[in-house]
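In: Next one to model:
(one chain, ligands or ions: 1)
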Amino acid sequence: MNTVAYLRPRSIAEVSECLISLPEARLLAGGQSLIAAWRLRLCELTHFVDLQDVPDLKDIRLEGDALWVGAMCTHAQIAESPLIVAQFPMLSALAQGIADAQIRNVGTIGGALANNDPAACWPAGVLAMHADIVTNQRVINADAFFQGFFTTALKEGEWILGLRFSRITWATYLKFEQVASRFALVGVAVVRAANGQVRVAVTGLGQGVTRWHAAESTLTSAWHVQSLNKLEFESDKVLSDIHASAKYRAHLVAVLCRRAVAANTGESAAMQRQPLITPSDNGSSVF
Ligand SMILES: Cc1cc2nc3c(=O)[nH]c(=O)nc-3n(C[C@H](O)[C@H](O)[C@H](O)COP(=O)(O)OP(=O)(O)OC[C@H]3O[C@@H](n4cnc5c(N)ncnc54)[C@H](O)[C@@H]3O)c2cc1C
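Out: Reported below is the predicted structural model:
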């Protein structure tokens, strides 16, 4: 393994200069994904550019009616922020459900978004909330930011300063955990705006976070669990792996979406009787 230099810039301008003058440098947030990827030789780099001394990247504050969360805010900081707990509870609950205390105390929201792991929780929460991702160059809405498997709209030399979340009426995020890591086997974020518009974002499907447009339009027309009765998430858009089949994951999307809506409406989330689908489902059905 080649020697890698370690840099600790002290301002946003210095970080941007590092990325321009050292194209093979990589930003280091909490190192929870990057260090493992580097040690496994999944990425090559010449310099780590550590963000921890840059002021302002750890801020959580209200900007008018919107919430600003700096890129270097850890999951634990977000989970415990009194402002977020009181006014944006879905974000604090999502953060509290990530991994374990060690990872929550060093892993960051900026690192999670830039990494865009297909089983990560933040992409679903941020996409459903229609948040803006603010970089050193521009503002990118979540709809344009997430571009598939470990891929984002960030260009060379571009990096995340923080996120802006608009206030919404109601939101929840539910996941079915992969037990060893607590990454989402499937995770579903459902958000309802004041005008009744609903957004549903799904993670854990293997190809990167995605919206479930059919559920969004159905729930926008009628905010009831029953509205979802005839909807199925198409399993041809889902990958199978050793943890679960595509069919099982698609089924979980529907289950979690129903539970999310039920948590708001007070209805039962139970599905009509249907074949039991198991994690290793091979197409045969059991009642
Ligand atoms: C065992 C384990 C379990 C986990 N469980 C979950 C889970 O349940 N749910 C979940 O959502 N996540 C989970 N994670 C992910 C974890 O919480 C971190 O969010 C993720 O690993 C990113 O880590 P980091 O913030 O330390 O970023 P790093 O590892 O330091 O960086 C990750 C990538 O982002 C880039 N980067 C970092 N900061 C910026 C920035 N500001 N702008 C642009 N690029 C940047 C880096 O260059 C690198 O490419 C888990 C991780 C592990 C190891």
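
In: Around the ligand, pick out the residues from the chain.
Out: 26-34, 51, 71, 75, 98-99, 103, 106-108, 110-112, 114-115, 120-122, 159-160, 181-183 (C-beta under 6 Å from any ligand atom). From N, CA and C alone the C-beta is placed, and that goes for glycine too.

In: Whichever of those end up buried, select them in ChimeraX.
Out: Selecting only the buried entries of the residues of the chain next to the ligand in ChimeraX, with 16 or more other C-beta atoms under 10 Å as the criterion:
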select :26,27,28,29,30,31,32,33,34,51,71,75,98,99,103,107,108,110,111,112,114,115,120,121,122,159,160,182,183
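
In: Narrow the residues of the chain next to the ligand to those in helices?
Out: Among these, the residues falling in helices (DSSP state H) are Leu34, His75, Ile103, Val106, Gly110, Gly111, Ala112, Ala114, Asn115, Trp122.

In: correct me, but the third one touches His75?
Out: Yes: taking contacts as C-beta atoms under 8 Å, Ile103 lies within contact range of His75: 7.3 Å.

In: The nearest residue to Leu239 once chain neighbours are set aside: helix or strand, and which one exactly?
Out: Spatial nearest neighbour of Leu239, excluding adjacent residues (C-beta to C-beta, 6 or more residues apart in numbering): Gly206 at 2.9 Å. Under the criterion DSSP states H and E, no helix or strand holds Gly206.

In: What is the neighbour count of Gly206?
Out: Around Gly206 there are 16 other residues, counting by other C-beta atoms under 10 Å.

In: Break down this protein into its helices, ranges please.
Out: 12-21, 34-39, 75-80, 82-87, 89-96, 101-106, 109-115, 122-128, 142-145, 213-221, 246-265.

In: Just list the residues touching the nearest residue to Gly187 once chain neighbours are set aside, thanks.
Out: Take Gly187 and drop its neighbours on the chain: the residue closest to it by C-beta to C-beta, 6+ apart is Lys175, 3.5 Å away. The neighbourhood of Lys175, defined by C-beta atoms under 8 Å, 6 or more residues apart in numbering, consists of Gly97, Cys121, Ala184, Leu185, Val186, Gly187, Val188, Thr203, Gly204, Leu256.

In: quick one: which of those is nearest the ligand?
Out: Among the contacts of Lys175, Cys121 lies closest to the ligand (C-beta to the nearest ligand atom), at 3.5 Å.

In: Under the pLDDT cut-off, which ranges of the stretch 151-287 of the chain? List them.
Out: 273-276, 282-287 (pLDDT under 70).

In: Give me the nearest residue to the residue of the chain found nearest the ligand, chain neighbours excluded.
Out: The ligand sits closest to Gly111 of the chain, with a gap of 2.2 Å, by C-beta to the nearest ligand atom. Nearest non-adjacent residue to Gly111, counting by C-beta to C-beta, 6+ apart: Ala29, 3.5 Å away.

In: what do you get for His251?
Out: His251 sits nearest to Ile277 (C-beta to C-beta, 6+ apart), 4.6 Å away.

In: about what we covered before: can you pull the contacts of the residue of the chain closest to the ligand?
Out: Ala29, Gly30, Gln32, Ser33, Leu34, Ala71.

In: burial measure for the residue lying closest to Leu205 once chain neighbours are set aside, as a count.
Out: Spatial nearest neighbour of Leu205, chain neighbours left out: Val238 (4.6 Å); criterion: C-beta to C-beta, 6+ apart. By the criterion of other C-beta under 10 Å, Val238 has 24 neighbours.

In: List the residues that contact His75.
Out: Ala95, Gln96, Ile98, Ala99, Ile103, Arg104, Asn105, Gly107, Thr108, Ile109, Ala112.

In: got TSV for these, with pLDDT too?
Out: As requested, these are exported to TSV (pLDDT from 0 to 100):
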residue	pLDDT
Ala95	98
Gln96	98
Ile98	97
Ala99	95
Ile103	97
Arg104	98
Asn105	98
Gly107	98
Thr108	98
Ile109	98
Ala112	98
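
In: Which two among those are spaced furthest apart?
Out: Gln96 and Thr108 (15.2 Å; C-beta to C-beta).
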